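Chemist: Any chance you can model this:
(one chain, ligands or ions: 1)
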Amino acid sequence: MGPSASRRVVLTAVALVGTLSATGADPVVAHNLLAPQSDSGREIETLWWIMLILSTVIFAVVLALLLTALLRSRGADVPASPGVARRFVLWGGVVVPAAVLLGLFVLTLRALPEEAPASSGDGELELRIVGRQWFWDLEYRGADSVRVRTANEIHIPAGRTVRVRARSGDVLHSLWIPQLNRKFDLFPGRTTTLTLRADEPGVYGGECAEFCGAQHARMGVIVVADEPAEFDRWLAANARPAAVPDTPQEKRGEQVFLGSSCVYCHRVAGTNATGMVGPDLTHLASRRSLGSALIPNRKGYLAGWILDPQHIKPGNKMPGTDLSGPELQQLLAYLESLR
Ligand code: CUA
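Modeler: Numbers count the residues shown, from 1 in each chain. I've put the predicted structure just below:
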């Protein structure tokens with residue numbers, strides 16, 4: 001192999017590794033039920049292990065009995081003993097399964113966290129989650145009438161318990177963050193009240209766990225557990241209205257945005273865009289992902305999403321746009337300034 005050929009191989013390998021690490025780590029966050037980060041998560045993990053071990057033992061016993069029966073009856077006419085057979089069916093088919101199922105039922109009930117207690121009402125932080133086809137609409141309400149609306153990226157203070165009120169805006173959804181809690185079933189017209197807590201700062205992945213339409217599998221969520229002081233900074237920053245455009249490019253981009261149909265569905269606090277149908281864009285540029293943890297929040301992906309969202313997530317409510325090249329660049333500059 002000549003020097004140029006080997007150089008090509010090395011470059012290809014580097015590009016491949018780069019591509020793999022870029023697509024693997026960003027923005028989808030792996031989640032692992034067996035690495036719980038809260039008491040609720042640990043109870044569910046224990047239940048999972050009990051179920052796995054119990055079912056493994058039962059499976060092994062059934063296989064052993066089956067094997068014994070096969071070997072013993074081979075070629076021989078084993079006489080049936082009605083008394084033994086009846087007792088065997090009674091114990092193996094009724095008593096033991098009933099005891100096992102009842103035991104698991106009780107253990108499962110114990111592992112289910114209760115609904116969160118009623119709010120004390122003294123400005124305690126509350127997170128409201130609305131599941132929509134196909135993204136998570138988030139709103140924080142805290143002391144001093146703090147209100148923050150965002151989407152798809154839940155921030156919580158590590159080590160603190162956050163009250164969550166969740167419902168659906170359309171069909172059934174289920175918010176599942178395996179390391180932090182059980183699934184939150186979301187119903188239209190009914191509120192599910194639970195808590196969310198992560199012992200340690202970190203980024204935790206989650207997803208929708210109830211079939212909700214064509215893009216159910218692409219309804220991910222990212223939970224960022226910040227150090228409490230960092231969380232307070234995040235909340236204060238996100239409670240502010242959108243940044244005022246700075247450069248001429250950003251200013252023109254704001255005009256493109258406000259003059260387009262974007263404003264009917266999206267909200268940018270502090271502007272005339274007050275749509276509540278789609279994700280809030282007030283601090284869009286501060287988020288890690290687009291399309292509900294589907295693609296990284298980077299300029300190229302954002303451009304692709306704006307031009308042809310139906311290609312990336314078919315069936316979602318956002319239509320494509322036919323902006324000119326310069327208009328697209330201006331719009332991108334504006335959206336990227338919304339930190
Ligand atoms: Cu939302 Cu599945």
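Chemist: a strand runs through E139, doesn't it?
Modeler: Yes. Counting by DSSP: H, G, I helix; E, B strand; the rest coil, one finds E139 located in a strand.
Chemist: what about it, neighbour count?
Modeler: The number of residues packed near E139 is 16, by other CB atoms under 10 Å. Using the backbone N, CA and C atoms, a C-beta is placed for each residue, glycine as well.
Chemist: Tell me if I'm right that it and L125 touch.
Modeler: No. Using CB atoms under 8 Å, E139 makes no contact with L125, being 11.5 Å away.
Chemist: the helices in this structure, which residues?
Modeler: 3-25, 39-72, 82-90, 96-111, 228-239, 248-258, 299-307, 309-312, 325-337 (DSSP state H).
Chemist: closest one to the ligand among those helices?
Modeler: Evaluated with CB to the nearest ligand atom, those place helix 309-312 nearest to the ligand, the distance being 16.9 Å.
Chemist: for the ligand, what are the nearby residues on the stretch 101-250 of the chain?
Modeler: 131, 134, 173, 208, 210-212, 216, 219 (CB under 6 Å from any ligand atom).
Chemist: Among the residues you listed, name the buried ones.
Modeler: In those, burial by neighbour count holds for 131, 134, 173, 208, 210, 212, 216, 219, counting by 16 or more other CB atoms under 10 Å.
Chemist: The fourth one bridge partners, please.
Modeler: Beta-bridge pairing for C208 (DSSP bridges): L175.
Chemist: For the residues of the stretch 101-250 of the chain next to the ligand, could you give me CSV that also reports pLDDT?
Modeler: Formatted as CSV, those follow (pLDDT from 0 to 100):
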residue, pLDDT
G131, 96
W134, 93
H173, 97
C208, 95
E210, 95
F211, 96
C212, 96
H216, 95
M219, 94
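Chemist: Around the closest residue to K299 other than its chain neighbours, count how many other residues there are.
Modeler: Excluding the flanking residues, the one nearest K299 by CB to CB, 6 or more residues apart in numbering is L332, at 5.9 Å. Other residues within reach of L332, judged by other CB under 10 Å, total 20.
Chemist: and L332, what is it in contact with?
Modeler: 253, 299, 302-303, 306 (CB atoms under 8 Å, 6 or more residues apart in numbering).
Chemist: Buried members of the residues you listed into PyMOL, please.
Modeler: To isolate the buried subset of the contacts of L332 in PyMOL, counting by 16+ other CB under 10 Å, use the following:
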select buried, resi 253+302+303+306
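Chemist: which one of the contacts of L332 sits closest to R287?
Modeler: R287 lies nearest to L302 out of those, by CB to CB, at 10.8 Å.
Chemist: Pretty sure that closest one sits against E336.
Modeler: Yes. With contact defined as CB under 8 Å, L302 reaches E336; the gap is 7.4 Å.
Chemist: Would you mind measuring from V256 to L335?
Modeler: Noted for V256: a distance of 10 Å to L335, by CB to CB, to the nearest Å.
Chemist: again with E43
Modeler: Applying CB to CB to E43 and L335 gives a distance of 42 Å.
Chemist: same thing with D308?
Modeler: Distance, D308 to L335, by CB to CB: 16 Å.
Chemist: next one: V95
Modeler: 65 Å.
Chemist: what residue ranges in the stretch 51-200 of the chain score low on pLDDT?
Modeler: Within the stretch 51-200 of the chain, the stretches with pLDDT under 70 are 75-80, 113-123.
Chemist: residue contacts, the residue in it that the ligand sits nearest to?
Modeler: Of all residues in the stretch 51-200 of the chain, the one sitting closest to the ligand is H173 (3.5 Å; CB to the nearest ligand atom). Applying CB under 8 Å, 6+ apart, we find H173 in contact with 131-132, 186, 208, 210, 212, 219.
Chemist: roughly how far apart are the nearest residue to R287 once chain neighbours are set aside and R72?
Modeler: Spatially, and ignoring its direct neighbours in sequence, R287 is nearest to E153 (4.9 Å; CB to CB, 6+ apart). For E153, the distance to R72 (CB to CB) stands at 62 Å.
Chemist: Next: T191.
Modeler: T191 is 59 Å from R72, by CB to CB.
Chemist: rewinding a little: E43 and L335: who's more crowded?
Modeler: Higher neighbour count among E43 and L335: L335, with 23 against 18, using other CB under 10 Å.
Chemist: what about the more buried one, distance to I312?
Modeler: 16 Å.
Chemist: try Q215
Modeler: Taken as CB to CB, the span from Q215 to I312 is 10 Å.
Chemist: next one: V256
Modeler: 21 Å.
Chemist: With neighbour numbers in mind, choose between those two.
Modeler: Applying other CB under 10 Å to V256 and I312 shows that V256 carries more neighbours, namely 22 against 18.
Chemist: Might you report the residue contacts of the more buried one?
Modeler: Here V256 is in contact with 323, 327, 330-331, 334 (CB under 8 Å, 6+ apart).
Chemist: May I ask which two of the buried ones among the residues of the stretch 101-250 of the chain next to the ligand are separated the most?
Modeler: Pairwise over these, using CB to CB, the maximum falls at W134 and E210, 11.8 Å.
Chemist: mind listing what V277 touches?
Modeler: Neighbours of V277 in contact, by CB under 8 Å, 6+ apart: 264-266, 317.
Chemist: next one: R339
Modeler: 243, 283, 285-286.
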